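Undergrad: What follows is a predicted protein model with its sequence.
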Amino acid sequence: MKKANILILAFLATVLVVSCNNNKNKNKEITKPIQNKEETHESEGILELNNGNLWMANSETSEGIQKMTQLIVNFTDKENMEAYPELKGKLEATFGTIITKCTMTGEAHNQLHTYLLPMKPLFKDLAAEDLASRKSALEKLTKHLSEYPAYFK
């Protein structure tokens, strides 16, 4: 099971890099670095508003965030260790869809990835060895997803 989780995370990371590189090449647009680093997507930037306004997200991203939120709302088996892997798989699949359908560019694109990247370790923690860690990751993920409308429309 751990090998499958590692493979899924490796796949998602590859999709993230390929998707971002494809968009960068298609648009040949120079983007603002995140915290003085050229779009590495490996470190988190600072999530900010667009001069006090929300960033415009593509519909696939907003739908994916809604789907992830609904998956968590519908997850009622929080006391069952064996229930978390299925939720984790569904969340990671939806996350992967958001990444592969990424059509955003420029600073909105950077901000989206700044928002998305903190979810990756939370997915990993949904497979932690103890129930308390899994429940904590679920709470943090729920809170993080609830912050999406504060930055994106």
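TA: Yep, that arrived.

Undergrad: Thr100 - how many residues pack around it?
TA: 14 (other C-beta atoms under 10 Å). Glycine gets a C-beta too; all of them are placed from N, C-alpha and C.

Undergrad: roughly how far apart are it and Met68?
TA: For Thr100, the distance to Met68 equals 15 Å [C-beta to C-beta, to the nearest Å].

Undergrad: ditto for Met56
TA: Using C-beta to C-beta, Met56 is found at 20 Å from Met68.

Undergrad: quick one: which of the two has more around it?
TA: Met68 (24 against 11).

Undergrad: In contact with the residue nearest the centre of the chain, which residues are there?
TA: Centroid-nearest residue in the chain, with C-alpha atoms, centre = their mean: Leu116, separated by 3.2 Å. Counting by C-beta atoms under 8 Å, 6 or more residues apart in numbering, Leu116 makes contact with Phe95, Ile98, Ile99.

Undergrad: Closest one to Gln111 out of the residues you listed, please.
TA: The nearest member of the contacts of Leu116 to Gln111, counting by C-beta to C-beta, is Ile98 at 13.9 Å.

Undergrad: Count the residues that sit near that closest one.
TA: Neighbours of Ile98 (other C-beta under 10 Å): 25.

Undergrad: isn't it right up against Ile65?
TA: Yes. Using C-beta atoms under 8 Å, Ile98 is in contact with Ile65, at 7.3 Å.
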